[in-house]
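Colleague: sequence? don't have it. structure:
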Ligand SMILES: Cc1cc2nc3c(=O)[nH]c(=O)nc-3n(C[C@H](O)[C@H](O)[C@H](O)COP(=O)(O)OP(=O)(O)OC[C@H]3O[C@@H](n4cnc5c(N)ncnc54)[C@H](O)[C@@H]3O)c2cc1C
């Protein structure tokens, strides 16, 4: 088979890749999108209530961390979407732009054009919020929450938090009902909203193939290569844009000899600076089963708060599920609810590498969870806040809520710290592994060009210098919008 040709190749049809492809096609470019996963209708993807069924399914890359020293040696599951739609196809659909300070910080690190003032219009293009007009995505904010969610929000207020009607507005602080990317009771991914309308109208989608390396001629990237049933196929383009996600993009660079001591390009930062957010379950039983609405996720409310009052930006973001999310070793009745104590401004960071430093090596993911003691303390504060909310009368009297976990396991400070180490799990927000900047550890510049390689950009959650304050889908989509502007500008 002869090589395929396009103006631009986009690797990965996930949150950001779908946006890049759409904008380039709209501008008249031919775009080839290469995606490891399938392109087909999956009822469990469409139904917002069935997210958990997708984990460990064929649509999940099913990454596992190396044993986490500060989390009792556990190997944590990191689900990631392997399907057209990417991780947006198996996420909780929560729409959070992040804190304006996140982007001003990115700019202050030497990334002109990424301040809140600069990126806000890019969010508006995607979500339309505050503009009075539509965006590319529908943001569902006006829904009837499940009764237990209303009680959790009441309980948080009884515990002293303000009600915040719009955490994407002036301030994040307080307890809020969530905003979701849902249309007509169905999950709305960027693959559906951005990519599908331009398939065969400028965009050629090649699903079910995993790019195994980039084609380099000297310092120029000229295309990509994949293997289809033992047959090597290639595609060539003027520009290649990696949108393979915070794990996939650095892995592809490393497999192509671009990394620390790489055969092709020495770029020490590739795979470093892996950041993530973290959750710890706080679970209660109830005296009756909470009803769960169809067409909505089981999490519908969350809060932003500070583990220490002097912090300038909230560092905690617990989210609330109307079901008990037991770990395998836990026991309890089938009905209840979970307040997932969440940390969203972590100090710990880790990395991704290939075993033996070889391009063929196994992917080793080490987020080094809780390696900074400050994260342990912040998560303990998040658990205590959730316990306080759980004990408030709206839940205690309204639902007969009885704390099961951590319960007596956290009777002492050391007991609580042990519980955090035993249960901490990902909030699914890996970022930072191809960070943007101009220092020695930076992988891309502020125009998202890979340092030292022509014709190659990265545009996904991996370019974040620091992970944003809140869920990372909206920021990844904003990065896709920005990348398209930079390519077209
Ligand atoms: C379970 C879960 C729940 C989450 N919940 C939320 C939430 O509610 N709200 C929120 O804001 N964020 C959430 N997130 C995070 C959010 O979904 C991600 O941050 C976002 O989707 C990242 O977008 P991306 O474009 O960087 O990568 P992705 O969307 O993951 O896209 C990467 C794409 O590249 C493909 N790919 C990778 N390697 C290759 C290769 N070698 N060849 C070809 N294709 C390749 C992948 O298959 C994938 O389709 C969640 C994530 C998960 C996993």
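Modeller: That came in fine, so what should we check first? Quick caveat: nothing in here was measured; it's all calculated off a predicted structure.

Colleague: And the strands in the stretch 201-350 of the chain?
Modeller: Using DSSP state E, counting those that start in this stretch, the strands assigned to the stretch 201-350 of the chain run over residues 203-206, 211-217, 220-228, 231-242, 258-259, 265-266, 278-285, 299-304, 319-321, 336-343.

Colleague: Distance to the ligand added to these, as JSON lines?
Modeller: No exception for glycine: its C-beta is placed from N, CA and C like everyone else's. Shown next, in JSON lines, are those (distance: least, Cβ to the nearest ligand atom, whole Å):
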{"stretch": "strand 203-206", "distance to the ligand": "9"}
{"stretch": "strand 211-217", "distance to the ligand": "4"}
{"stretch": "strand 220-228", "distance to the ligand": "7"}
{"stretch": "strand 231-242", "distance to the ligand": "9"}
{"stretch": "strand 258-259", "distance to the ligand": "14"}
{"stretch": "strand 265-266", "distance to the ligand": "18"}
{"stretch": "strand 278-285", "distance to the ligand": "11"}
{"stretch": "strand 299-304", "distance to the ligand": "8"}
{"stretch": "strand 319-321", "distance to the ligand": "8"}
{"stretch": "strand 336-343", "distance to the ligand": "11"}
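
Colleague: sec struct for the closest residue to residue 129 other than its chain neighbours, please.
Modeller: Excluding the flanking residues, the one nearest residue 129 by Cβ to Cβ, 6 or more residues apart in numbering is residue 168, at 5.7 Å. Of the three states, residue 168 takes coil under DSSP: H, G, I helix; E, B strand; the rest coil.

Colleague: shouldn't residue 168 be in contact with residue 179?
Modeller: Yes - between residue 168 and residue 179 there is a contact under Cβ atoms under 8 Å: 6.4 Å.

Colleague: what residues are shared contacts of these two?
Modeller: Common neighbours of residue 168 and residue 179 are listed as 95, 96 (criterion: Cβ atoms under 8 Å, 6 or more residues apart in numbering).

Colleague: related to what we said a few turns ago, out of the strands of the stretch 201-350 of the chain, which is closest to residue 101?
Modeller: strand 299-304 (12.4 Å; Cβ to Cβ).

Colleague: Now do the closest one: distance to the chain's middle.
Modeller: What separates the centre of strand 299-304 from the centre of its chain is 16 Å, taken as Cα atoms, centre = their mean, to the nearest Å.

Colleague: mean confidence for it?
Modeller: For strand 299-304, mean pLDDT is 98.

Colleague: Let's see the pLDDT reported for the residue of the stretch 1-150 of the chain found nearest the ligand.
Modeller: Closest residue of the stretch 1-150 of the chain to the ligand, Cβ to the nearest ligand atom: residue 14 (1.9 Å). On pLDDT, residue 14 comes in at 98.

Colleague: ok, it touching residue 245?
Modeller: Yes - using Cβ under 8 Å, residue 14 is in contact with residue 245, at 5.9 Å.

Colleague: what ranges do the helices span in the stretch 51-200 of the chain?
Modeller: For the stretch 51-200 of the chain, the helices defined by DSSP state H, counting those that start in this stretch cover 51-54, 100-108, 116-127, 147-158, 190.

Colleague: so can I have TSV of those showing mean neighbour count and mean pLDDT?
Modeller: Listed next are those as TSV, based on neighbours: other Cβ atoms under 10 Å; pLDDT from 0 to 100:
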stretch	mean neighbour count	mean pLDDT
helix 51-54	18	93
helix 100-108	19	98
helix 116-127	19	98
helix 147-158	22	98
helix 190	30	98
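
Colleague: Just list the residues touching the residue nearest to the spatial centre of the chain, thanks.
Modeller: The C-alpha lying nearest the average C-alpha coordinate of the chain belongs to residue 429 (Cα atoms, centre = their mean; 3.6 Å). By Cβ under 8 Å, 6+ apart, residue 429 lies in contact with 275, 276, 277, 344, 461, 467, 471, 472.
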